[in-house]
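A.B. asks: I would like the atomic coordinates for the input below:
(chains A and B)
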2 protein chains.
Amino acid sequence: MKNKILVEISARHAHLSDADLETLFGEGHKLNNIKELSQPGQYATEERISIKGPRGQMDRVIILGPTRSQTQVEVSATDARTLGIKAPIRMSGDIEGSAGCTIIGPKGEIELEKGVIVAKRHIHATPAEAAKFNIEDGEKVSVRIDTNERSLTFDDVVVRVNENFSAAMHIDTDEGNAANISGSTIGTIIK
Amino acid sequence: MKNKILVEISARHAHLSDADLETLFGEGHKLNNIKELSQPGQYATEERISIKGPRGQMDRVIILGPTRSQTQVEVSATDARTLGIKAPIRMSGDIEGSAGCTIIGPKGEIELEKGVIVAKRHIHATPAEAAKFNIEDGEKVSVRIDTNERSLTFDDVVVRVNENFSAAMHIDTDEGNAANISGSTIGTIIK
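C.D. replies: Residues are numbered from 1 along each chain as shown, chains lettered A, B, ... in the order given. Coordinates of the predicted model:
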């Protein structure tokens, strides 16, 4: 079916800058790729950090590679409440005015002034995939998810088109739970 | 508008049997009503318990009154994962084969063998309200929620009609976060 798309759940995770990686894990440290993700070039690493806010701390938070120009921590709204952080709903990379937190690694700590966000639900697609789905970069679409007990239709799904992407919708754990999905599923894009 | 309904978020909470209330809080203890809820006769109490599973514990969990025939703990799927419990999605009262947990009160502990559920999203209505909405007891409807950033339409919303109810839809914190609601909002019933 031409409007069917893989839906994946992103659990809380962090992207680190080269400088912050060295502060947290030691000089010259390189991320250890343990699993390729659906988006080409992106991978889960074996490195783990703790994130801490005024109300709570979460340990063993996974780092996704490769490193980026800016450190960014993506949490669910449930996580943000547990931490005591007011994290805005944002697209990845849009961190101006977002929340801060403390990041604790095995070799050091960082007081992150901004970069903690709740990810806005979105679809990744190559130009060819976007053409097949009849969707465009920046467009907002709806995606229907049929599950046992908790079917729903997500609106406000932002489309991002890039040659380096691969067709997938990303939602966070709150959104996954609201649809009774664990792991991944297939959704239907509705224009 | 005749199809508009109050949507309220239920955070994790417990209902206790008389016997379990006494075990946890001491012989002859009575619940202290601190706030009436939207459903007539139901109230938030000042009593708090801890709930514990194989992977984690949550403290200061609110008890809702009055007492019931069976103890029941309602958590979000996020909470269930934190606790390490496999809680099924169920309507309130339907606890056969559900999950267990340890409940810790100021005067005692209980090993609850069943009663931990993730609440299935539902609508409460009186017969008159149900007639106005053109919905029936046991029917499943959809409810659209328009919010900033995370509009969506929940399907699989079970209708419960009773003279003692008052029109309101109840969702859990994961579902509230998936729609970017905090507190309450107004939804639109779609048949």
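A.B. asks: alpha carbons only for contacts and neighbour counts from here, please
C.D. replies: Will do.
A.B. asks: how about the residues of chain A near chain B?
C.D. replies: Applying C-alpha under 8 Å from any C-alpha of the partner chain, we find that chain A lies next to chain B at A:77-78, A:89, A:120, A:149-156, A:173-175, A:177-178.
A.B. asks: got the contact list for A:Gly97?
C.D. replies: A:Lys114 (C-alpha atoms under 8 Å, 6 or more residues apart in numbering or on different chains).
A.B. asks: coming back round to it: mind listing which of the residues of chain A next to chain B are in helices?
C.D. replies: Among those, the members falling in helices (DSSP state H) are A:77-78, A:173-175, A:177-178.
A.B. asks: Where do the helices of chain A begin and end?
C.D. replies: A:18-25, A:77-83, A:127-133, A:173-178.
A.B. asks: Pick the most buried one from those.
C.D. replies: helix A:173-178 (a mean of 26; mean count of other C-alpha atoms under 10 Å in any protein chain shown).
A.B. asks: starting at the chain centroid, how far to that one?
C.D. replies: 13 Å (C-alpha atoms, centre = their mean, to the nearest Å).
A.B. asks: what sits up against it?
C.D. replies: So helix A:173-178 is contacted by A:9-11, A:76-78, A:150, A:182, B:77-78, B:174-175, B:177-178 (C-alpha under 8 Å, 6+ apart).
A.B. asks: Mind doing that once more with 6 Å?
C.D. replies: Outside helix A:173-178, the residues that touch it by C-alpha atoms under 6 Å, 6 or more residues apart in numbering or on different chains are A:11, B:77, B:174-175, B:178.
A.B. asks: now do stretch A:43-59
C.D. replies: A:32-37, A:60-65, A:82-84, A:101-105.
A.B. asks: how far does that stretch stretch from start to finish?
C.D. replies: End-to-end span of stretch A:43-59 (C-alpha to C-alpha, to the nearest Å): 20 Å.
A.B. asks: So, low pLDDT: which residues of chain A?
C.D. replies: Scanning chain A for pLDDT under 70 picks out A:1.
A.B. asks: would you list every one of the strands in it?
C.D. replies: A:4-10, A:13-15, A:33-36, A:43-52, A:57-65, A:72-74, A:89-90, A:99-104, A:109-119, A:122-125, A:140-145, A:152-161, A:168-172, A:184-190 (DSSP state E).
A.B. asks: Point out the most buried one among these.
C.D. replies: The most buried one of these (mean count of other C-alpha under 10 Å) is strand A:122-125, showing a mean of 26.
A.B. asks: Quick one: list the elements packing against that strand.
C.D. replies: strand A:152-161, strand A:168-172 (3 or more C-alpha pairs under 6 Å, 6 or more residues apart in numbering or on different chains; DSSP states H and E).
A.B. asks: And those: which comes nearest B:Gly93?
C.D. replies: Nearest to B:Gly93, of all the helices and strands packed on strand A:122-125, is strand A:152-161, at 24.0 Å by C-alpha to C-alpha.
A.B. asks: Check which helices and strands that closest one sits against.
C.D. replies: Checking 3+ C-alpha pairs under 6 Å, 6+ apart, strand A:152-161 ends up next to strand A:122-125, strand A:140-145, strand B:152-161.
A.B. asks: Kindly format the C-alpha coordinates of that strand as PDB.
C.D. replies: Taking Å, rounded to 0.1, in the frame of the first residue of the first chain, the C-alpha atoms of strand A:152-161 are listed here in PDB:
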ATOM      1  CA  LEU A 152      -5.900   6.600  17.100                       C
ATOM      2  CA  THR A 153      -5.000   9.100  14.500                       C
ATOM      3  CA  PHE A 154      -2.100  11.500  15.100                       C
ATOM      4  CA  ASP A 155      -2.400  14.900  13.500                       C
ATOM      5  CA  ASP A 156       0.400  17.500  13.500                       C
ATOM      6  CA  VAL A 157       2.900  15.000  12.000                       C
ATOM      7  CA  VAL A 158       5.700  17.100  10.400                       C
ATOM      8  CA  VAL A 159       7.200  15.800   7.200                       C
ATOM      9  CA  ARG A 160      11.000  16.000   6.700                       C
ATOM     10  CA  VAL A 161      12.400  15.100   3.300                       C
END
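A.B. asks: Listing partners with orientation, what would you give for that strand?
C.D. replies: Looking at strand A:152-161 with DSSP bridges, its partner strands are strand A:122-125 (parallel), strand A:140-145 (antiparallel), strand B:152-161 (antiparallel).
A.B. asks: Before I go, just wanted to say thanks for your time.
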